[in-house]
Structure formats: C-alpha cells, structure tokens
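**Q** Generate a structure from the sequence data that follows.
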Amino acid sequence: MEMLMTEETRNGTAIQEFILEGFPAAEHLRILLFLVHLLAYLASLTGNMLIITVTCGDRRLQTPMYFFLSSFAFIEDCLITTVIPQMLAIFLLGRQKISFVACFTQAFASLFLGATVFFLLAVLSLDRYLAICKPLHYPTIMSPRMCFFLITVCLVLGFLFMAVPVVMLSQSFYFGPNVIPHFFCDFEPLASLSCSETRSIEMLFFNLAAIVLFTSFLIAIFAYSNIVVTIVHLPSARERQRAFSTCSSHLMVLSLMYGSCVFIYLKPKQSGRLDTNKEAALVNTVVTPLLNPVIYTLRNKQVHQALRDALSRVKLHRYHRKNTPSP
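**A** A predicted model of the protein is given here:
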C-alpha cells in the first residue's frame, strides 16, 4: 500500500489544494452573512486594539493584569485573522480553494494561537489569585521580568503542543476527496480526508488538546476557588463587590471559551460531528472574540476613565490646533 502511494505521488496525483465547503445550507444568505461577519470581525479587531492602545497610553493601566489582557487581545486578533478572512472569502466566492501548504499553515496557526490563548487564561487566573489572595507579595512576584517570562512560556508551550501533531498529519497521503466540510482548515477535517492511517496522530492530538484545556482549566479552578473564599472573608462590602466584579468578567470568558473548545476537540467521534463542530467553531471564532473585549475590560471603570481621558486629550489637541494662529 505504501509503495502504491509513493508511486501515485510521483505521478502527480497527490492533492495540491483543498476546497473549503463553508456553509452550503446558507448559500442564499451569502451576502448577508458576509456583511454580518465582516462587521463582527472589524468590531473584534477594533475592541482589542482599543484595549492595547489604552493600556499602553495610560500609566494607571500599566499593571500586570492589563499587560496580560493586552497580550491576550493581541493574540486573539492574530487568531481570528487566521480564520475569519478566509470565511469572508467563502461567503463572497462560494467555495474557496486553498493550497496544501496554506491549509496546513492555517491549521497550525489557529491551533498554536488557540493553545496560547488558553495558557494565557491560566496566567490571568493566577494573576487575579495573587492580587486578591496574596496582595502583599503580588508586586514582588509579578515583576515586569516575570510578566514577560510568563508570556514567553505561553507562546513556547502553545507552539510545542500543536506543532508535532500538525506536522505529522501534513506528512500523510492525500489523494482525494479534497473538499473540507468546514470554513477553515482545522485538524479533524484534515485528518478525515487523509488516505493514511491517522488514528495514532489523532490520539496524540486529542491527548495534547486535553492537556492544554484541562491544565489551564484546573489552574483557573484552583485560582478562582481560592479567590471566592478570600472575597467572602473581606471585611468591606465595597471591596467584595469590586473583587467579584473583576473575577465575574474573567469567569464569563472562561465559560465561553472552554465550553466551545471542549465541544469541538474533546467530544467522542460520532456521525455528523463535523457539522456540529462547524457551528461550535463559529461561536469560538466570531461570537466569543466579539464579546471578550466588552466582558474583560470595556465594562471596567478604570478603562472607561482612561478612554474618557484619552478623548479629552484628543479634543483639547484639536481645539488648540484650530485656535492657534498660523505663522
């Protein structure tokens, strides 16, 4: 069998490109869906870039928590940019061709950035745990050097966990069919099209995805269970409300992201799974990134004040330019 596949590859019969199917059931709504998802994409980009700009421009927000949040916003913008433009092209053109190399590059980029996001969520949880439960040690532990180190660790772990299964899958044989029943190149749709035996690769990917999700989830559970205990024992009702408000935002994001990813990657195999995964992936790549900036920081009073101050400075600058006589 292996000799036959090698001979066919030499004869040029191996797949050189894939076709992303997208949403054939919604073919008559292509233009409407294109506009809706384009607006959602632009809103997500704008919200996250606003977080990064305000965090960098306001000294009051240059704390470890907002450093991690701005890093989270940047990586999330990169993540949705690997997926949503491709989906917009599908809505405009119907079926979208994508080369073999580009397809696996997209699969790796989305999985690598997605894993990094989950490690960052764990770091955010630990940051809140230290700030609320260990306030005296927090400034010492969360030094600028430690913050950069944690971001680097998240990126390295995300790369290492996702590079191996994607590279292994890319070495498989693909001779047809080449239609991917999805709106982007994801691991499982690609594995289902392979002509090679991919069970061991799929098991490796399943185990690595489980480690990423459950490790970060357990860290979050540890952090927030301790935070709840600490909040309950705070003497001031105002302090309890403030601490709970910050943590409730984080918990909402955790629920959205973990729920959709567990459904996509850790659900047992069954018929019709790819179709249901496509819907869950749509939530994870469009809806959740749209809500995250609002949930995480744009409802935060410190961010509101920083935005108001920034707008005031812009208005004042325009006023001075308008009223300053030209030489």
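**Q** And the pLDDT for Val83?
**A** On pLDDT, Val83 comes in at 91.
**Q** Ignore what I typed, I meant Val179.
**A** 88.
**Q** Equivalent analysis for Phe161, please.
**A** As predicted, Phe161 sits at a pLDDT of 93.
**Q** Same question for Leu39.
**A** Leu39 carries a pLDDT value of 92.
**Q** So what's the residue count around it?
**A** 11 (other C-beta atoms under 10 Å). Backbone N, C-alpha and C define where each C-beta goes, glycine included.
**Q** Surely it is within a strand?
**A** No - under DSSP: H, G, I helix; E, B strand; the rest coil, Leu39 falls outside any strand and is assigned helix.
**Q** Tell me where the model's unsure across the stretch 201-327 of the chain.
**A** Residue ranges of the stretch 201-327 of the chain with pLDDT under 70: 236-250, 260, 262-277, 279, 296-327.
**Q** Show me where the stretch 151-300 of the chain has its helices.
**A** Counting by DSSP state H, counting those that start in this stretch, the stretch 151-300 of the chain has helices at residues 187-193, 199-232, 237-265, 273-282, 288-293.
**Q** Next, the residues that contact the shortest one from outside, please.
**A** Read that as helix 288-293. Contacts with helix 288-293, where a contact means C-beta atoms under 8 Å, 6 or more residues apart in numbering, come from 40, 43-44, 47-48, 50-51, 72-73, 76, 79-80, 253, 256-257, 260.
**Q** Next, the buried residues of it.
**A** Going by neighbour count (16 or more other C-beta atoms under 10 Å), the buried part of helix 288-293 is Thr288, Pro289, Leu290, Asn292, Pro293.
**Q** Closest one to Cys185 out of the residues you listed, please.
**A** Comparing those against Cys185 with C-beta to C-beta places Pro289 closest, at 18.5 Å.
**Q** which non-adjacent residue is nearest the closest one?
**A** Leaving aside its sequence neighbours, Pro289 sits nearest to Ser44 (C-beta to C-beta, 6 or more residues apart in numbering; 4.3 Å).
**Q** and what of Pro85?
**A** Closest residue to Pro85 apart from its sequence neighbours, by C-beta to C-beta, 6+ apart: Tyr41 at 7.7 Å.
**Q** do the same with Phe72
**A** Leu120 is the one closest to Phe72 (C-beta to C-beta, 6+ apart), at 5.0 Å.
**Q** Check Tyr66 too.
**A** Thr55 (4.6 Å).
**Q** now His137
**A** Leaving aside its chain neighbours, His137 sits nearest to Leu130 (7.0 Å; criterion: C-beta to C-beta, 6+ apart).
**Q** what's the answer for Val153, then?
**A** Val153 sits nearest to Phe119 (C-beta to C-beta, 6+ apart), 7.4 Å away.
**Q** repeat for Phe184
**A** Closest to Phe184 by C-beta to C-beta, 6+ apart is Val83, at 4.7 Å.
**Q** what about the one you found, how many neighbours?
**A** 25.
**Q** In three-state terms, how would it be classified?
**A** helix.
**Q** so it sits right up against Ser110, yeah?
**A** Yes - assessed by C-beta atoms under 8 Å, Val83 is found in contact with Ser110 at 5.7 Å.
**Q** between those two, what contacts are shared?
**A** By C-beta under 8 Å, 6+ apart, Val83 and Ser110 have these common neighbours: Phe184.
**Q** Next, count neighbours for Leu35.
**A** By the criterion of other C-beta under 10 Å, Leu35 has 12 neighbours.
**Q** Buried residues of the one helix or strand it maps to, list them for me.
**A** Using DSSP states H and E, Leu35 sits within helix 30-57. Of all the residues in helix 30-57, those buried under the rule 16+ other C-beta under 10 Å are 30, 33-34, 37-38, 40-41, 44-45, 47-48, 50-52, 54-55.
**Q** I appreciate the help and will end here.
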